[in-house]
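Q: Could you work out the structure for the sequence below:
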Amino acid sequence: MSKKLFVGGLAWATTDDSLRAAFAPFGKLTEAKVICDRQTGRSRGFGFVTFESDADADAARQALNEKELDGRVIRINDADESSKKSPNAPKRPFRPKQDNGTAEDRDPARNDARKSFNHADFPFMPDTNAGRGGRDNRRKDRKKDRDKYEDDDRW
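A: Predicted structure coming up:
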C-alpha cells in the first residue's frame, strides 16, 4: 500500500525533481510534488511525496525529518495526520447550499414586474451609458448658468 508524506519548510528554489532526488534513495516513489502558488508560480514552501511501500516512507521520514534540503530545515509528517491535527479544520464537512431554483421559479409576479421596467418612468435615469452626472454634464450646467446670468460679474 502507498503512503503519502507531507514535507514542510521547503525552500522556494526546491522543485519536483530536487524533491524526488532527495527522497529517491529510500525507496520507489510514486509521486513527488511541490505545491506552487497559482498566480506567481513560486513554491509555497511545502510538498508531498508518495512512496509505494509504508516501510520506505517511514525510513525516509526518520532519516530526513529535521534535516537540511536546499538550505532549509524540512519537517516530514504523514499527510493524513497533518490534516487531522489542524486547529483550523472545520468541525463538520462543508456542504454547499442547495439550489432552490431562480427567482423566476419562486415568485413569478416579481419576475413580471422586473420585465416591465421602463426608463421613462424614472426621468433621473438616463437612457445612455454616459451615467448620472459626471464631468460632461457639469460643464453643460455651467454653460447654462453662464448664459442665464450673462451680465452678472460672477462669471
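Q: What residue, apart from its backbone neighbours, is nearest L69 spatially?
A: Among residues not flanking L69 along the chain, A22 sits closest, at 5.5 Å (Cβ to Cβ, 6 or more residues apart in numbering). Heads up, the C-betas are built off the backbone N, CA and C, glycines and all.
Q: Check the gap between that neighbour and Q39 for me.
A: Applying Cβ to Cβ, to the nearest Å, the value for A22 to Q39 is 27 Å.
Q: Could you do A59 as well?
A: Distance from A59 to Q39, by Cβ to Cβ: 37 Å.
Q: So which of those two has more stuff around it?
A: Higher neighbour count among A59 and Q39: A59, with 15 against 6, using other Cβ atoms under 10 Å.
Q: for the helix or strand hosting that one, which positions count as buried?
A: Assessed by DSSP states H and E, A59 sits inside helix 54-64. Residues of helix 54-64 classed as buried by neighbour count (16 or more other Cβ atoms under 10 Å): D56, A57, D58, A60, R61, L64.
Q: Surely the first one and A24 touch.
A: Which is D56. No: D56 sits out of contact with A24 when judged by Cβ atoms under 8 Å, with a separation of 10.3 Å.
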